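Asker: Make a model of this:
(chains A and B)
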There are 2 protein chains.
Amino acid sequence: MPAEPLAFSRATCSIAATLELVGEKWTLLVVREAFFGLRRFDDILAMVGCARGVLSARLATLVDNGILLRVPYRDPGARPRYEYALTPKGRELYPILIALMQWGDRWSAPEGKPPIVLRHLDCDAEVRAEIRCATGHGPLAPRETFARPGPGASELAQARHASREQNRVR
Amino acid sequence: MPAEPLAFSRATCSIAATLELVGEKWTLLVVREAFFGLRRFDDILAMVGCARGVLSARLATLVDNGILLRVPYRDPGARPRYEYALTPKGRELYPILIALMQWGDRWSAPEGKPPIVLRHLDCDAEVRAEIRCATGHGPLAPRETFARPGPGASELAQARHASREQNRVR
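Answerer: Numbers count the residues shown, from 1 in each chain, chains lettered A, B, ... in the order given. Okay, here's the model as predicted:
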C-alpha cells in the first residue's frame, strides 16, 4: 500500500451518484427488461418478479430521472395507458448491465453455463465490456490504470495526488 | 416492439446473480476503496461513510463470497488485526465500477466536472468501459447487439428465440 492512498473526498464520487439513481434493488432489472424490448407494466412485472408497488415506484423514479420515457398507448376498447421506453440517458446504462452480466456469467452461472449471450448483430461474435484507453490500448487490467483528481476535485486534492504510481489502481 | 420480446425465464439471469452479491447499498463503494488501495477497516470506513456495523456486514459478505481476502497484520504493540485485499474474482469487478463511474461522470457530475479521472498508466489516456465484440468491432451501441438464449437456457427458449433481428437489444 502506498504511504497515502487516494484519500481525497468521495463526496461527489460518480460511482456513488450512479448508485443513488439506479442502485436500489430491482431498478437495474427493470432497465434490463427495457433493453430486451418490454415496454408495458404487466410484461415487465412478469419478468422482473417484484411486487406491483415496487415496480410502480421504480418506474416512477426512472421516469423522474430521465432514464425511461412514459409513452401513451391505447388498446382497442381499453382505457389509455402508458408504456415505457429508454431515453438516450437510459440507453447509456448498457455498459453497466453488460459488465454485471459478464461477471455473473463467469462467477455465478450454474455449471458455468450463461442463460443469455449477447452478440454483435453484424458478425455474430460475443459482446463484452472491456476496459480500454482513449488511445485504443486494452483490454486493461486495473493495475494498468491509475486514478487522478479530476476537474471536479479540490485544488488541495489535485496538488496532493499528482503521482501516477502512487495512485495506481490495485 | 417485436411480436415476442425475449421472454424466456430470467430465473438464472447473471445480472440478477451479480446484484445479489454486490447490489446491496454500500457494497460497491467498499469495493471501490479496495481498488483505490485502502485495506484497513477504519480507512475504508472514513471514505465510505456508512455505519460501522454496516461496513462489518458488507466486508463479511465480500469475504464469504471470495471477493475480498482477509489478511492478518499487526502494528507494533497492538493486537493482531485484519486487512482486506481484492481477490482475482474481486478484481474482475473493475469494469462494473468503471461503467458506473462513466455514467455518473456524464449524467450526474456537478457542472459536468468529474471528481476523479482514470488513466492508462503507460500512455496517460483516459480509461473507459467500452462494449466490443470478440472480433474487435466497437464501441457498439445496444441496437448493434442482440440477445440469444445461452447454453444455460432451456431447449424451449433456445428454439423459440433463434432470430437475431427479433432479439435485438433496444
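
Asker: Contacts only, for the closest residue to residue A:130 other than its chain neighbours.
Answerer: Counting by Cβ to Cβ, 6 or more residues apart in numbering or on different chains, residue A:130 lies nearest to residue A:139, which is 4.2 Å off, once chain neighbours are set aside. Using the backbone N, CA and C atoms, a C-beta is placed for each residue, glycine as well. By Cβ atoms under 8 Å, 6 or more residues apart in numbering or on different chains, the contact set of residue A:139 is A:130-132.

Asker: now swap in residue A:128 and tell me
Answerer: Residue A:128 is in contact with A:98, A:102, B:131-134, counting by Cβ under 8 Å, 6+ apart.

Asker: Taking these, please make a ChimeraX selection of just the buried ones.
Answerer: The following ChimeraX line selects those of the contacts of residue A:128 that are buried, judged by 16 or more other Cβ atoms under 10 Å in any protein chain shown:
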select /A:98,102 /B:131,132,133
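
Asker: For the helix or strand hosting residue A:62, C-alpha coordinates in PDB please.
Answerer: Using DSSP states H and E, residue A:62 maps to helix A:52-64. C-alpha atoms of helix A:52-64 as PDB (Å, rounded to 0.1, in the frame of the first residue of the first chain):
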ATOM      1  CA  ARG A  52     -46.500  -4.400  -8.200                       C
ATOM      2  CA  GLY A  53     -46.000  -1.500  -5.800                       C
ATOM      3  CA  VAL A  54     -42.200  -1.800  -6.100                       C
ATOM      4  CA  LEU A  55     -42.400  -1.800  -9.800                       C
ATOM      5  CA  SER A  56     -44.600   1.300  -9.800                       C
ATOM      6  CA  ALA A  57     -42.100   3.100  -7.600                       C
ATOM      7  CA  ARG A  58     -39.100   2.000  -9.600                       C
ATOM      8  CA  LEU A  59     -40.700   3.100 -12.900                       C
ATOM      9  CA  ALA A  60     -41.600   6.500 -11.400                       C
ATOM     10  CA  THR A  61     -38.000   7.000 -10.200                       C
ATOM     11  CA  LEU A  62     -36.700   6.000 -13.600                       C
ATOM     12  CA  VAL A  63     -39.100   8.400 -15.400                       C
ATOM     13  CA  ASP A  64     -38.300  11.200 -12.900                       C
END
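
Asker: how about that helix, does it reach chain B?
Answerer: No - using Cβ under 8 Å from any Cβ of the partner chain, helix A:52-64 stays clear of chain B, coming no nearer than 12.9 Å.

Asker: Any idea what residue A:127 is bridged to?
Answerer: Beta bridges link residue A:127 to residue B:133 when assigned by DSSP bridges.

Asker: oh, I was asking about residue A:86
Answerer: Under the criterion used (DSSP bridges), residue A:86 bridges to residue A:68.

Asker: how about it, what does it touch?
Answerer: A:31, A:34-35, A:67-69, B:170.

Asker: Against which helices or strands is the helix or strand of chain A with the lowest mean pLDDT packed?
Answerer: One helix or strand of chain A scores below all others by mean pLDDT, DSSP states H and E: helix A:155-160, with a mean of 74. Under the contact criterion of 3 or more Cβ pairs under 8 Å, 6 or more residues apart in numbering or on different chains; DSSP states H and E, helix A:155-160 touches no helix or strand at all.

Asker: can you pull the buried residues of that helix?
Answerer: Buried, per 16+ other Cβ under 10 Å, within helix A:155-160: A:157, A:160.

Asker: cool, stretch A:52-66 as well?
Answerer: Taking 16+ other Cβ under 10 Å as the criterion, stretch A:52-66 shows A:54-55, A:58-59, A:61-63, A:65 as buried.

Asker: In contact with residue A:108, which residues are there?
Answerer: B:14, B:17-18, B:20-21.

Asker: Just put those residues in JSON lines and tack on distance to chain A and secondary structure.
Answerer: Shown next, in JSON lines, are the contacts of residue A:108 (distance: Cβ to the nearest Cβ, whole Å; DSSP: H, G, I helix; E, B strand; the rest coil):
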{"residue": "B:14", "distance to chain A": "3", "secondary structure": "helix"}
{"residue": "B:17", "distance to chain A": "4", "secondary structure": "helix"}
{"residue": "B:18", "distance to chain A": "4", "secondary structure": "helix"}
{"residue": "B:20", "distance to chain A": "8", "secondary structure": "helix"}
{"residue": "B:21", "distance to chain A": "7", "secondary structure": "helix"}
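
Asker: Of those, grab the buried ones for PyMOL.
Answerer: Selection of buried members from the contacts of residue A:108 for PyMOL, criterion 16+ other Cβ under 10 Å:
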select buried, chain B and resi 14+17+18+21
